[in-house]
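Undergrad: Got a sequence here, can you model it:
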Amino acid sequence: MLAIGRALLTNPQFLLMDEPSEGLAPVIIEQVGEIIGTLKGTGLSMLLVEQNFYLACAVADIVLVMNKGQIVWQGRPDELLANEEIQHKYLGV
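TA: Sure thing, here's the model as predicted:
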């Protein structure tokens, strides 16, 4: 959360976040998701790399699933939530 705050001090046009929920308690993950949603609402462009499947789907417009450095699936979060085959094969959900 501190890293997000520090990055925002520079008034960026684009924000890259690498697993912002890693190691956080569930209640804090929820707050991070709310903050990301608020930033999204301001029009800030973001790239989120996230292991938390549900957080990623909650805040993303487009989801890319990668395996061994290759994009193996892309689409909207609702499409991924409905695609159990991709979830099981690549995400362990």
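
Undergrad: lowest-confidence helix or strand of this protein?
TA: Sorted by mean pLDDT, DSSP states H and E, the helices and strands of the chain end with helix 2-8, the least confident at a mean of 83.

Undergrad: In terms of pLDDT, where does the residue most central in space within the chain sit?
TA: Taking Cα atoms, centre = their mean, the centroid of the chain lies closest to residue 56, which sits 3.4 Å from it. Residue 56 carries a pLDDT value of 94.

Undergrad: If you drop the residues flanking it in sequence, what lies closest to it?
TA: Setting aside the residues directly before and after it, residue 56 is nearest to residue 50 in space (Cβ to Cβ, 6 or more residues apart in numbering), at 4.3 Å. In this view, the C-beta of every residue, glycine as well, is placed from N, C-alpha and C.

Undergrad: What distance do you get for that neighbour to residue 11?
TA: To residue 11, residue 50 is 23 Å away according to Cβ to Cβ, to the nearest Å.

Undergrad: Show me which of the two is the more surrounded one.
TA: residue 50 (21 against 7; other Cβ atoms under 10 Å).

Undergrad: is it true that the more buried one touches residue 57?
TA: No: using Cβ atoms under 8 Å, residue 50 is not in contact with residue 57, being 9.4 Å away.

Undergrad: ok, and for the longest helix anywhere in the chain, which residues are buried?
TA: Looking across the chain with DSSP state H, the single longest helix is helix 26-41. Judged by neighbour count using 16 or more other Cβ atoms under 10 Å, the buried positions of helix 26-41 are 29, 32, 33, 35, 36, 39.
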